[in-house]
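Asker: need a 3D model of the sequence below.
(2 chains)
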Protein chains: 2
Amino acid sequence: MKILRTIGVDDLDDIAIGGAVLGTGGGGDPYVGKLMAQQAIRKHGPVKLVDVSELADDALVVPVCMMGAPTVMTEKLPQGDELMNAFTALEKVMGRKIDAVLCGEAGGVNSTTPFVVAASSGLPLVDGDGMGRAFPELQMVTFTLSGVSATPMVLCDDKGNSIVLDTVSNGWTERLARAATIEMGGSALLAFYPMSGKVAKEAVVRGTLSLCAEVGETLRAARSAHEDPVAALAGLLGAEILFHGRIMDIERRTEGGFARGKATFHGVEEYKDQTLRLDFQNEFLIAERDGEVLATTPDLITVLEADSGDPVTADSLKYGQRLVTLAWPCNPLWRTPEGIELVGPRYFKYDMDYRPLSAAG
Amino acid sequence: MKILRTIGVDDLDDIAIGGAVLGTGGGGDPYVGKLMAQQAIRKHGPVKLVDVSELADDALVVPVCMMGAPTVMTEKLPQGDELMNAFTALEKVMGRKIDAVLCGEAGGVNSTTPFVVAASSGLPLVDGDGMGRAFPELQMVTFTLSGVSATPMVLCDDKGNSIVLDTVSNGWTERLARAATIEMGGSALLAFYPMSGKVAKEAVVRGTLSLCAEVGETLRAARSAHEDPVAALAGLLGAEILFHGRIMDIERRTEGGFARGKATFHGVEEYKDQTLRLDFQNEFLIAERDGEVLATTPDLITVLEADSGDPVTADSLKYGQRLVTLAWPCNPLWRTPEGIELVGPRYFKYDMDYRPLSAAG
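Answerer: Okay, the predicted model is just below:
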């Protein structure tokens, strides 16, 4: 199997930052995700990143994830063992050895959780994920679009409880896993969507972890060269700058296991006298400037510190921060009618159609 | 294996009525429980009732149950197949054949559910249960007092979803199963507390199903002989008559998956000018007459139609009904400090100690 690259402790800085950028405000704090993965790599050795095309058609590939409100996930940072519990329990349910680890979503925590399992198990990690971004519910993966069942799925908590789910639909997996996660204290560790190498080649958003690394490298290089990190990143991603402004108001609540809310920004510089509103449910879902919808889910909306370009998650937004909002087109798999039904604005109860962004630049 | 008796379609009338009497107001409507069991016996043949002492020490015995608010259980009467789904799935998890079926609790529905599984599987049914009555939470069984783990446990719904739980305590099983049951629409089907024949001989409340049958027979015989069915039943059970009166007020709510509330009765005949208050959480837990506590959980409090002696569940109490309230001592297993901690008044947040009733008559 050809190894794309080997990921050591130091590489995690860029990947975690990149994950938080693609995480579009959700997916948890990149700092804690990074620490967790670094600890595992220090203990077990570096991780082998492979392209999905390298997998044998009959290989068994399993994504791992942390589920819950990002605020809680961050407070209840798991030990690597808990993730391994879910992974090895699913191996037992499947009655065969798992051959490769997969990333469920790009995000501050969930683009790094698979590194914990890959390091601990010694298995290769596929360079890709099920979203190309983060989303709040577990059926919202390209795997669902390819007809992959989320179950059998194993869900573990920090106390030693575990649950094996077998459901009639991925929507039911979400409902039952969400209820269990809330009861478990707001976060849980999952191994789910077991799939063959053959299916993975069709179902996976490719290159996500390499892109995370590249995002982190681009921000770091721009800062070293005293260039504008936000502009450099927008160039890399083909992203449009939607707004530059300060947060004037944040409304948030933890509801049904999600961090929901709205943030309102007042513009600076060329956006003076303008207002941006971002709606989030873990992730940023809708960007409206002076009442005009500029971008909607599933296109990616992310928020960066204006000077450093560092990504800011929805749960760490604070009054007065000066931030830039970027948006760029989602993976084409999401732009199908099935994709829009699964993750478009109407799923999230917004009375509007999806308005596809074009790639900028 | 010596068979105590064979239970056919007609025997279920008495057993279901008896289950509702021992069910102390909870455990669901005896009529629907009976129909479900009769359907299974008609299809698969009669059920062999055996004493727990007949089991081999290394036999695998599994209780089955329906979980949920009784009102919902009654509305969502399951097909026999759904109970068998949980049972056979647990057999698969255990990796061996189950040798006998056990009753989890006595109640209108749950003293009859095991007949469905015993008839469908052809396995013997143990004459006993885990309570000698009904209780609202699944850790509240004598099995817990004997150190039996509720897990591995399988929980199924009517849609085809199933969950395997493996928990660190029976209290955690209750929490996670309750959350899943609520999400599944308010009721679910369980196979749990897998135990050996050796453990069952220590952990089971013996003779519960025979007693259910005897209760039903006693009521029926008294009515045929134009005798007082309530007096006949009190004699059989060693029960004290606490009150005779009409319901003047009922307060109820479905909360956290339970049917909770209070019923207030105004006395008739020798109880004229007196008031009885019954508190329930699925089951009747506390009986207070004119402010004096007469009986508390785990002793059994049940309510009967004054003339017919038919048991009345907490969810079918109606304004104006004329009812008699009986109470009698619980199984001695519940009267230990561990038993009182698990199911005594303080567990249910009543600020009072357990006051053991003496057997009457």
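
Asker: and what about the closest residue to residue A:169 other than its chain neighbours, helix, strand or coil?
Answerer: Spatially, and ignoring its direct neighbours in sequence, residue A:169 is nearest to residue A:139 (7.7 Å; Cβ to Cβ, 6 or more residues apart in numbering or on different chains). Glycine gets a C-beta too; all of them are placed from N, C-alpha and C. When classified by DSSP: H, G, I helix; E, B strand; the rest coil, residue A:139 comes out as coil.

Asker: so residue A:139 sits against residue A:151, correct?
Answerer: No: using Cβ atoms under 8 Å as the test, residue A:139 is too far from residue A:151 to be in contact (11.0 Å).

Asker: between the two, which has more neighbouring residues?
Answerer: Neighbours were tallied for residue A:139 and for residue A:151 using other Cβ atoms under 10 Å in any protein chain shown; the higher tally belongs to residue A:151 (24 against 20).

Asker: assumed the more buried one was part of a helix.
Answerer: No: counting by three-state DSSP, residue A:151 is not part of a helix but coil.

Asker: any idea how far it is from residue B:163?
Answerer: Distance, residue A:151 to residue B:163, using Cβ to Cβ, to the nearest Å: 10 Å.

Asker: ditto for residue A:311
Answerer: 36 Å.

Asker: what does residue A:266 give?
Answerer: Distance from residue A:266 to residue B:163, by Cβ to Cβ: 48 Å.

Asker: same question, residue A:140
Answerer: Distance, residue A:140 to residue B:163, by Cβ to Cβ: 21 Å.

Asker: for residue A:7, same thing?
Answerer: Using Cβ to Cβ, we find residue A:7 at a distance of 35 Å from residue B:163.

Asker: okay, the two: which has more neighbours?
Answerer: A direct count of neighbours by other Cβ under 10 Å for residue A:7 and residue B:163 places residue B:163 higher, at 28 against 23.

Asker: mind listing what the closest residue to residue A:208 other than its chain neighbours touches?
Answerer: Leaving aside its sequence neighbours, residue A:208 sits nearest to residue A:129 (Cβ to Cβ, 6+ apart; 4.2 Å). Contact analysis of residue A:129 by Cβ atoms under 8 Å, 6 or more residues apart in numbering or on different chains lists A:63, A:102-106, A:111, A:204-205, A:208-209.

Asker: with neighbour count added, can I get those residues in TSV?
Answerer: Converted to TSV, the contacts of residue A:129 look like this (neighbours: other Cβ atoms under 10 Å in any protein chain shown):
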residue	neighbour count
A:63	32
A:102	28
A:103	30
A:104	27
A:105	30
A:106	32
A:111	35
A:204	28
A:205	24
A:208	25
A:209	29
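
Asker: greatest separation within these: which pair is it?
Answerer: A:111 and A:204 (13.8 Å; Cβ to Cβ).

Asker: which parts of the stretch 201-350 of chain A are helices?
Answerer: Along the stretch 201-350 of chain A, the stretches classed as helices by DSSP state H, counting those that start in this stretch are A:208-224, A:229-237, A:337-343.

Asker: now the angle from the second one to helix A:208-224?
Answerer: Spelled out, that is helix A:229-237. 150 degrees (axes from the mean of the first three to the mean of the last three Cα atoms, to 10 degrees).

Asker: quick one: list the elements packing against helix A:229-237.
Answerer: helix A:208-224, strand A:240-255, strand A:300-305, strand A:322-328 (3 or more Cβ pairs under 8 Å, 6 or more residues apart in numbering or on different chains; DSSP states H and E).

Asker: quick revisit: joint contacts of residue A:139 and residue A:151?
Answerer: Both residue A:139 and residue A:151 are in contact with residue A:173, where contact means Cβ under 8 Å, 6+ apart.

Asker: what is the least confident helix or strand in chain A?
Answerer: The weakest-scoring helix or strand in chain A, judged by mean pLDDT, DSSP states H and E, is helix A:70-75 (a mean of 62).

Asker: only C-alpha atoms, please: export the next helix or strand after that one in CSV.
Answerer: Sequence-wise, the next helix or strand downstream of helix A:70-75 (DSSP states H and E) is helix A:80-94. Provided in CSV are the C-alpha atoms of helix A:80-94 (Å, rounded to 0.1, in the frame of the first residue of the first chain):
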residue,chain,number,x,y,z
GLY,A,80,-7.6,7.7,23.5
ASP,A,81,-8.7,4.4,25.1
GLU,A,82,-12.4,5.4,24.9
LEU,A,83,-12.2,5.9,21.1
MET,A,84,-10.4,2.5,20.8
ASN,A,85,-13.2,0.9,22.9
ALA,A,86,-15.8,1.9,20.3
PHE,A,87,-13.5,0.8,17.4
THR,A,88,-12.6,-2.6,18.8
ALA,A,89,-16.2,-3.2,19.9
LEU,A,90,-17.3,-2.6,16.4
GLU,A,91,-14.6,-5.0,15.1
LYS,A,92,-16.1,-7.6,17.4
VAL,A,93,-19.7,-6.9,16.2
MET,A,94,-18.5,-7.2,12.6
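
Asker: what is helix A:80-94 packed up against?
Answerer: Using 3+ Cβ pairs under 8 Å, 6+ apart, helix A:80-94 sits against helix A:30-44, strand A:60-68, helix A:113-121, strand A:153-156, strand A:162-166, strand A:187-191.
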